[in-house]
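Student: The sequence and its predicted three-dimensional model are supplied below.
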Amino acid sequence: MSRKVLLPDTGQFFEIRFESIGGLGAHAAGRIVATAAVLRMGLNGAHFSSYGSEKKGSVVRSFIRLAPTDRPIRTSAPIESPDVVVVFHSGLLAHPATLDGIRPAGTLIYAGHADEVPAELARLPATTRVIRIDAQTIAIEEKSRANAVLIGTLTAALPFLDRQAMIDTLDATFAGRHPEAVAANKRAFVRGAEEFELLENIGCGEDGILASPANPVWGYRTAPLGGVLPMPGNSVWNDLHTSRTGWLPVLDLDKCIDCGMCEMVCPDLCLVWSTGAGEEDQLIVKLEGIDYRYGKGCMRCVETCSTLAMTREAETPGLADRLRVPLFPDLLKETGGGHVA
Ligand code: SF4
Ligand code: SF4
């Protein structure tokens, strides 16, 4: 049964953008929110997502556009000036595009651990509401996923969203194929709606404008002419730390037998190996560790390792930096550390 819902009067569609990475369930969350709005709250709505390279771990953006029933939605253009941005992983905030276009009176919800306030948030307009929820920890504790937590937080942050409609849609989505997940998702939703923190004095952008990020050293105006790559193989400079699922593989060298199976399945070639000579001069290849800068946290190595040398651990702030074994130590010297989130 739908009811009369009053959307905030922005003079435009009410627009929500999810910023996420494959595997965290942003597309499913967007579909649930839009379905609840259309089928149970009587709104007009549209939902669609854009994916990167279509693999678990790459960047995903999901868009929800809402309007009163008397206002048709005839556009499916990506949302560039959202009223709400929901960031499924705080590491994504390192990318300037994550906050792009957020409206001055808008809301940012981000999944982050307690006390985690990424420096990039200072770019926000001072008028933007900032909400943090430890979605990853709640999801792990409730055996659910971060998307259920974040739907709960979004529902609590936007009074026009009907809580029961959202829970009913969440239930209906999983009741058929994953009935065992219904109760866990509901607990995660409720905790997301109740345990978020409203952060004060975060944005420093003046006049309600999102501050521009610092220009990269090279852009299309400043790059050297002539199509010359002065640093061949420069993809090693890429920092892919945002491509994570919330989990990190952790290597226990004492259990590792250097069988190489993890290397066979790792899509990102981020395992670090050393070579040496054995007693009879035979080649010895040993696994030294993982360079998290290039991995996505897909957990294939963990699932493949027969000796349980690879285990998965929740990605807490600083863990990757502590455990990282650099693939390119020389690069580390040049960049002064190459921090990963
Ligand atoms: S699969 Fe496990 S045992 Fe084999 S090399 Fe990788 S971590 Fe070591
Ligand atoms: S190291 Fe493991 S978790 Fe990381 S990308 Fe490779 S297979 Fe996936």
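Tutor: Cool, got the structure. Ligands and ions are numbered 1, 2, ... in the order given.
Student: for A277, which residues make a bridge with it?
Tutor: Assessed by DSSP bridges, A277 has beta-bridge partners L283.
Student: For the stretch 201-341 of the chain, which segments are assigned as helices?
Tutor: Taking DSSP state H, counting those that start in this stretch as the test, the helices found in the stretch 201-341 of the chain are 261-265, 300-304, 319-323, 329-335.
Student: closest to ligand 1 out of those?
Tutor: Closest to ligand 1 of the helices of the stretch 201-341 of the chain, according to Cβ to the nearest ligand atom: helix 261-265, at 3.3 Å. In short, each C-beta sits where N, CA and C put it, glycine included.
Student: quick check, S49 in a helix?
Tutor: No: going by DSSP: H, G, I helix; E, B strand; the rest coil, the assignment for S49 is strand, not a helix.
Student: That one contacts H27, correct?
Tutor: Yes: using Cβ atoms under 8 Å, S49 is in contact with H27, at 4.4 Å.
Student: Tell me which of the helices of the stretch 201-341 of the chain is the most buried.
Tutor: Comparing the helices of the stretch 201-341 of the chain by mean neighbour count (mean count of other Cβ atoms under 10 Å), helix 300-304 comes out on top with a mean of 18.
Student: Let me see the mean pLDDT of that helix.
Tutor: The average pLDDT within helix 300-304 is 95.
Student: same check, this time on stretch 98-105
Tutor: Per-residue scores along stretch 98-105 average to 90.
Student: what does the protein have sitting close to ligand 1?
Tutor: Proximity of the chain to ligand 1, by Cβ under 6 Å from any ligand atom, involves residues 251, 256-262, 287, 304-305, 307, 309-310.
Student: just to revisit the earlier point, export the helices of the stretch 201-341 of the chain to a markdown table and append columns for distance to R71.
Tutor: Below are those laid out as a markdown table (distance: least, Cβ to Cβ, whole Å):
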| stretch | distance to R71 |
| --- | --- |
| helix 261-265 | 49 |
| helix 300-304 | 46 |
| helix 319-323 | 46 |
| helix 329-335 | 50 |
